[in-house]
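# could you look at this predicted model? Sequence included:
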Amino acid sequence: MNIQLILFFVLAAIAAVTSVMVITRKNAVLSAVFLVLNFFALAGLYLLLNAQFIAVVQVIVYAGAIMVLFLFVLMLLNTETEHGLFVDKRGIKFFAILISAFVFVQLAFLIFKGNPSRTLTADEAASINAGTIQTIGHHLYTDYIIPFEVAGFLLLAATIGALVLAKKKFE
């Protein structure tokens, strides 16, 4: 067993367990913490797939910015009144368990009976190289420099506009 396979099983187990913990916790803040841990496990899986840029974006955007937004919303809402919504709905619970078991059987079939190919085609090798930060940076600063600069100026104009609107008067 090589280290990549061991890391895959560890990160996949963390992702699976934390995803179950997200939907089974009664405390919404605790669910959000498990969701952050799930995001980090997914970022690790992206790193194993040689998609470094997506892994970094996963951590910065989702585990950072989006989760801060979720926590602010959770703290502003009163979630204590929502516990009794699904108390008398046995049909929904049975249907959710049935769908979950069906998806689990499908995944188990794919894992144990699937036959992955061992050789990489030229397109697959190119797609592995496409996710690296070096390749993305090279294309961004050579092929797409004009759209990149235009997006930068638009963001700068939006920032200046927000500052002007937020400020009452200039000194």
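Structure's in. What do you need?

# pull the helix or strand bottoming out on mean pLDDT in the chain out as PDB, backbone CA atoms only.
Ranked by mean pLDDT, DSSP states H and E, the weakest helix or strand in the chain is helix 122-130, scoring a mean of 77. Coordinates of each C-alpha in helix 122-130 appear next as PDB, following Å, rounded to 0.1, in the frame of the first residue of the first chain:
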ATOM      1  CA  ALA A 122      -3.000  11.600 -23.600                       C
ATOM      2  CA  ASP A 123      -6.100  13.500 -22.700                       C
ATOM      3  CA  GLU A 124      -6.100  12.200 -19.100                       C
ATOM      4  CA  ALA A 125      -2.500  13.100 -18.700                       C
ATOM      5  CA  ALA A 126      -3.100  16.600 -20.000                       C
ATOM      6  CA  SER A 127      -6.100  17.000 -17.700                       C
ATOM      7  CA  ILE A 128      -3.900  16.100 -14.700                       C
ATOM      8  CA  ASN A 129      -1.500  18.800 -15.700                       C
ATOM      9  CA  ALA A 130      -4.300  21.300 -16.200                       C
END
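
# who's in contact with it?
Residues from elsewhere that reach helix 122-130, judged by Cβ atoms under 8 Å, 6 or more residues apart in numbering: 49, 50, 120, 135, 136. (C-beta placed from N, C-alpha, C; glycine too.)

# got the domain boundaries for this structure?
1-83, 124-171 (automatic domain parsing).

# ranking those by burial, who's on top?
domain 1-83 (a mean of 14; mean count of other Cβ atoms under 10 Å).

# ok now it, how far from the chain's centre?
7 Å (Cα atoms, centre = their mean, to the nearest Å).

# next: stretch 104-113.
With Cα atoms, centre = their mean, you get 23 Å for stretch 104-113.

# for stretch 104-116, same thing?
The answer for stretch 104-116 is 23 Å, by Cα atoms, centre = their mean.

# now do stretch 89-101
For stretch 89-101, the distance to the chain centre is 26 Å (Cα atoms, centre = their mean).

# average pLDDT for it?
Averaged across stretch 89-101, pLDDT comes to 83.

# send me that stretch as CSV with only the CA atoms.
This file holds the C-alpha atoms of stretch 89-101, laid out as CSV (Å, rounded to 0.1, in the frame of the first residue of the first chain):
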residue,chain,number,x,y,z
LYS,A,89,-43.4,12.9,9.7
ARG,A,90,-42.4,9.2,9.7
GLY,A,91,-42.8,8.9,5.9
ILE,A,92,-40.1,11.5,5.2
LYS,A,93,-37.7,9.8,7.6
PHE,A,94,-38.4,6.4,6.0
PHE,A,95,-38.0,7.8,2.5
ALA,A,96,-34.7,9.5,3.4
ILE,A,97,-33.3,6.2,4.9
LEU,A,98,-34.4,4.3,1.8
ILE,A,99,-32.7,6.8,-0.6
SER,A,100,-29.5,6.8,1.6
ALA,A,101,-29.4,3.0,1.5
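
# right, I'll leave it there.
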